[in-house]
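In: Below are the sequence and a predicted model for it; my questions follow.
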Amino acid sequence: MQVTEKNGAITFSVRVQPRASCDEIAGEYQDGLKIRLTAPPIDDRANEALRKLLASRLKVPLAAVRIASGEHSRTKRVEIRGVTPEMIRSLLD
């Protein structure tokens, strides 16, 4: 998984599968995380569910998690402040 650190923020790729049966981190997908979400991709609900899931798993405030690009795509770049690259890689465990 490719993780970039710049200006105190960690950035990495995420591939989202909306309308899944449960919210989970499903492993790696093309140098990023594959995340399944129960939320539909309507009215930013999947994006909010993604932010909440990552904030919860990494124990950071919701405001620390930002979708840097790909808001209307399944493939996104996520930026998180207050974490280390090792914390992001530990999500795969």
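Out: Ah, there it is.

In: where does the closest residue to residue 84 other than its chain neighbours land in three-state SS?
Out: Distance criterion C-beta to C-beta, 6 or more residues apart in numbering; nearest residue to residue 84, sequence neighbours excluded, is residue 10 at 7.2 Å. All C-beta spots, glycine's among them, are computed from the backbone N, C-alpha and C. Recorded secondary structure, residue 10: strand (DSSP: H, G, I helix; E, B strand; the rest coil).

In: Likewise for residue 50?
Out: helix.

In: Next: residue 33.
Out: strand.

In: That one and residue 13 touch, don't they?
Out: Yes: between residue 33 and residue 13 there is a contact under C-beta atoms under 8 Å: 7.2 Å.

In: ok, the two, which is more surrounded?
Out: Neighbours were counted for residue 33 and for residue 13 using other C-beta atoms under 10 Å; residue 33 has more, 24 against 21.

In: Would you check how far apart the spatially closest residue to the more buried one that is not a sequence neighbour and residue 2 are?
Out: Of all residues not flanking residue 33 in the chain, residue 14 sits nearest, at 5.1 Å (C-beta to C-beta, 6+ apart). Using C-beta to C-beta, to the nearest Å, one gets 12 Å for the distance from residue 14 to residue 2.

In: before we move on, what about residue 28?
Out: If you go by C-beta to C-beta, the gap between residue 28 and residue 2 works out to 10 Å.
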